[in-house]
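**Q** could you look at this predicted model? Sequence included:
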Amino acid sequence: SSAIHIMAEMHTTNKLRSSPSRQLLSSTPNNVHQAKPFNLFQFVYQSVATGIAITCVLGLMILLFLLYACIRPFSRRLYRRLAANLGSSSFLDAMALILPNCRICLTPDSDIISPIGTSLLVSNHSLEGFDWWVMLMFGRCINLRGSIRIFLKKNGANLCENLQAPVLKFLIQMLEYPLLPSVHGKDYVQDREGLFELLRGFAEESIGGWTAGNNVAVFLLFPEGTDRNIDMAEFARREGRPILKHLLLPRTTGFNASLESLRSSSPIVYDVTIAYKGYDGKAIAPSERNEWDTFWCLITGEIPEVHVRIKRNSMEDVLQDSQWLDKCWVEKDRLLEHFYRHQCFPRAGPNKCRIFDTRFHSVENSIIGMFRLMLMPCLIPLILLISIPLAWTVAWLWFAYQLFCQIFGDYDGTRAQNNESREQDNGGAETPFVPATPFVSPMTRQI
């Protein structure tokens, strides 16, 4: 009987080890740095890729600094457009070519994110270290490269939210990512007003879209809490909120405040649901993995296949329902329950998912972006040589520009007022509607 019992335990253990969910869980926490056979080619490739990535980061910092010093004093709108098109998009294109491929599957019933106006993406957290990267890569694949800005916690402990790193802090400030202040912070009121002012500025600049010379503003918010140590069921009963099985309850304060700040541009709210193939939805204990392990999984190609579902909602529908966010999370929980059982989202029709392979999407743009950023460090001697004449030239031009604005009025402010008056003449029309019909791209394949 003891022999039979031992054989049964061995069979159960092997079954768990061979399951996709177990393989993914073992790849993210402690076992990430297990000893593996030495591969010379892989070692050389990762060393070269790391060097190229560091060079691209340095090139991005130099490019953003030059744009900030030469363009930002004259036009905030133009600076943000160039920072997105030349800086952020080039970096994402280069990283897509350097890092291992990430396969993103978009469900056939998903709506398409509008390429004009203001949009707010509300997404769940599935694997915290991967979600933000997946959405940035997805935005690159649907021609929103560089336009997506992520809400980050000012005092976050996450790798992508840790503002103590000087390089990351510099990039976030240059790219103007919105920072959610901590309620317990001593500068909470001041930080909150700064956040609202930043969002209102983006909203004003996005009215009219590219045809009116304005920018596209797409914001990504993860309202879901990150503290898995509290008893969510007890908390939900106490607060009178729904009990979820696979998700944590969302925080409504930041969502409502952000939507109110963007209200002038009538933003479109997109409900984004993310799930990873092979992941069974069970929470990983905080002690079992850290963000550096997650980052290591990203650069070594251990990120699984990603499934994304997007649904469009108008701002009016969201504002009319005070429980919209909770209802949205209940629906996400139901979708994730189906996904964890069948490894796919429920399909509304016979159409198949659209696949985006990040490494093979727009390879020519990736090569151009990589060489553009790698060229910037080579220009450091030239920049130092002309820094003093350049500084004097920019200073005199800024002085002349300010004098021109005092005499003839601010160009950016006049354009914003004209856009506002045009919107009033049109009866307060909101952001133009983009049909939800799935598009067909030559760079996508069907499954």
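**A** Done, it's in. Numbering: from 1, shown residues only.

**Q** what about Cys378, distance to Gly59?
**A** 9 Å (CB to CB, to the nearest Å). C-beta coordinates here come from the backbone N, C-alpha and C atoms, glycine included.

**Q** between those two, which has more neighbouring residues?
**A** Shown here are Cys378 and Gly59; by other CB atoms under 10 Å, Gly59 has more neighbours (25 against 11).

**Q** mind checking which helix or strand the more buried one is in?
**A** Following DSSP states H and E, one finds Gly59 within helix 40-70.

**Q** how about Val269?
**A** Counting by DSSP H and E, Val269 is part of strand 268-276.

**Q** now that strand, how far from the chain's geometric center?
**A** Counting by CA atoms, centre = their mean, to the nearest Å, strand 268-276 is centred 11 Å from the centre of its parent chain.

**Q** got it, and stretch 131-144?
**A** Relative to the chain's own centre, stretch 131-144 is displaced by 7 Å; criterion: CA atoms, centre = their mean.

**Q** mind listing what's buried along that stretch?
**A** 131-142, 144 (16 or more other CB atoms under 10 Å).

**Q** list the contacts of it.
**A** Applying CB atoms under 8 Å, 6 or more residues apart in numbering, the external contacts of stretch 131-144 come out as 89, 92-93, 96, 102, 104, 106, 112-113, 115, 121, 123-125, 145, 147-148, 150, 160, 216, 218, 220, 222, 272, 274, 298, 303, 306, 308, 356, 358, 361-362, 443.

**Q** go again with 6 Å.
**A** Stretch 131-144 is contacted by residues 92, 102, 104, 125, 148, 150, 160, 218, 220, 274, 306, 356, 358, 361 when judged by CB atoms under 6 Å, 6 or more residues apart in numbering.

**Q** with stretch 174-185 instead?
**A** Outside stretch 174-185, the residues within contact range by CB under 6 Å, 6+ apart are 64, 88, 149-155, 188, 191-192, 195, 198, 254.

**Q** likewise stretch 81-88?
**A** Leu60, Leu63, Leu64, Leu67, Gly146, Ser147, Leu175, Asn215.

**Q** in the host helix or strand of Gln190, what counts as buried?
**A** Using DSSP H and E, Gln190 sits in helix 188-206. By neighbour count with 16+ other CB under 10 Å, helix 188-206 contains the buried residues 191-192, 195-196, 198-206.

**Q** what packs against it?
**A** Applying 3 or more CB pairs under 6 Å, 6 or more residues apart in numbering; DSSP states H and E, one finds that helix 188-206 contacts helix 252-261.

**Q** between helix 188-206 and the helix it packs on, find me the angle.
**A** Angle of helix 252-261 versus helix 188-206, following axes from the mean of the first three to the mean of the last three CA atoms, to 10 degrees, is 40 degrees.

**Q** tell me which residues touch Met315, please.
**A** Ser266, Pro267.

**Q** one more pass at 8 Å, please.
**A** Leu259, Arg263, Ser266, Pro267, Ile268, Val269, Glu430.

**Q** out of those, flag the one nearest to Leu397.
**A** Pro267 (34.8 Å; CB to CB).

**Q** where are the low-confidence patches of the stretch 301-447 of the chain?
**A** 301-302, 348-350, 409-447 (pLDDT under 70).

**Q** burial measure for Asn39, as a count.
**A** With other CB under 10 Å as criterion, Asn39 counts 10.

**Q** one more: the one 5 residues further on?
**A** Counted with other CB under 10 Å, the neighbours of Val44 add up to 10.

**Q** how close does it sit to Gly51?
**A** 11 Å.

**Q** ok, Glu337 next?
**A** Applying CB to CB, the value for Glu337 to Gly51 is 44 Å.

**Q** which of those two has more neighbours?
**A** Neighbours per residue (other CB under 10 Å) separate Glu337 from Gly51, with Glu337 holding more: 13 against 10.

**Q** wait, that one touches Leu247, no?
**A** No. At 10.3 Å, Glu337 does not count as touching Leu247 under the criterion of CB atoms under 8 Å.

**Q** now for the strand holding Val269, which elements pack on it?
**A** Secondary-structure packing of strand 268-276 (3 or more CB pairs under 8 Å, 6 or more residues apart in numbering; DSSP states H and E): strand 118-123, helix 128-141, strand 306-313, helix 315-320, helix 324-342.

**Q** let me know the angle separating the second one from strand 118-123.
**A** Relative orientation of helix 128-141 versus strand 118-123 (the same axes, to 10 degrees): 140 degrees.

**Q** the inter-axis angle of helix 128-141 versus strand 268-276?
**A** Using the same axes, to 10 degrees: helix 128-141 against strand 268-276 is 120 degrees.

**Q** same deal with the first one?
**A** Between strand 118-123 and strand 268-276, the angle formed by their directions is 30 degrees, by the same axes, to 10 degrees.

**Q** which strands or helices does strand 118-123 pack on?
**A** Strand 118-123 packs on helix 128-141, helix 188-206, strand 217-221, helix 252-261, strand 268-276, going by 3+ CB pairs under 8 Å, 6+ apart.

**Q** rewinding a little: going on from the helix holding Gly59, what's the next piece of helix or strand?
**A** For helix 40-70, the succeeding helix or strand toward the C-terminus, using DSSP H and E, is helix 76-82.

**Q** list the buried residues in that next one.
**A** So for helix 76-82, counting by 16+ other CB under 10 Å, buried means Arg77, Tyr79, Arg80, Arg81, Leu82.

**Q** I'm done for today, thanks for sticking with me.
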